[in-house]
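Enquirer: Sharing a sequence plus its predicted fold:
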Amino acid sequence: MNEFHRDLLFLLNDVARLLRVEADKRARLHGMTRAQWAILIRLDRQPGISQKELSELLEVEPITVARLIDRLEARGMVERRPDPRDRRIWRLHLLRPARDVLHEIDEQRADMTRIVTAGIDDDSIEIMTETLVRMKSTLTQEAHASRRGADPAETEAREVV
């Protein structure tokens, strides 16, 4: 049983699940959803992103993003603007009311970070962060290589050279 609790993949999954549950709870307390929070954060970091690009980043169907944007638009937080080069594309932009919500989201994220890192020294947090960045990079490279039909090991070998 102890080995199961120290299995890296299960631990990563469990920590991510617990963080999602906590974020869901906190978002609900503010009359929103975690998905809406995620959209606001993404739009803050990437203003003018298209609905399609956003759906790819969030790994949800475009119709799901469209409905979430509809709700945020109704609350006066997000605005759709036509792409100047392609009338079929909507570019998404935050409006002033989203700024206050983003401030609250930042506070909630900081609080969650404090909770999950309590008792862990700064050096360990930095090592853990760098390790997770490396894991994400590796998995991203593997996903891109498999979409192109390339062998991930060959792709990595080319990048090293």
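Expert: Nice, I can see it. Residues are numbered from 1 along each chain as shown.

Enquirer: Domain boundaries for the protein, per the record?
Expert: Listed domain ranges for the chain are 2-118, 121-161 (source: automatic domain parsing).

Enquirer: And the ones you listed, which one averages the lowest pLDDT?
Expert: Taking each of those in turn, the lowest mean pLDDT turns up on domain 121-161, with a mean of 79.

Enquirer: Sort out which residues of stretch 15-35 are buried, please.
Expert: Using 16 or more other CB atoms under 10 Å as the test for burial, stretch 15-35 gives 22-23, 26-27, 32, 34-35. The C-beta positions use only the backbone N, C-alpha and C, and glycine is treated the same way.

Enquirer: Wait, a strand at Glu79?
Expert: Yes. Per DSSP: H, G, I helix; E, B strand; the rest coil, Glu79 lies within a strand segment.

Enquirer: What is the neighbour count of it?
Expert: Here the count is done by other CB atoms under 10 Å, and Glu79 has 16 residues near it.

Enquirer: What distance do you get for it to Trp90?
Expert: As for Glu79, its distance to Trp90 is 10 Å (criterion: CB to CB, to the nearest Å).

Enquirer: likewise Ser50?
Expert: 6 Å.

Enquirer: what touches both of those two?
Expert: With contacts taken as CB atoms under 8 Å, 6 or more residues apart in numbering, Ser50 and Trp90 have Asp83 as neighbours in common.
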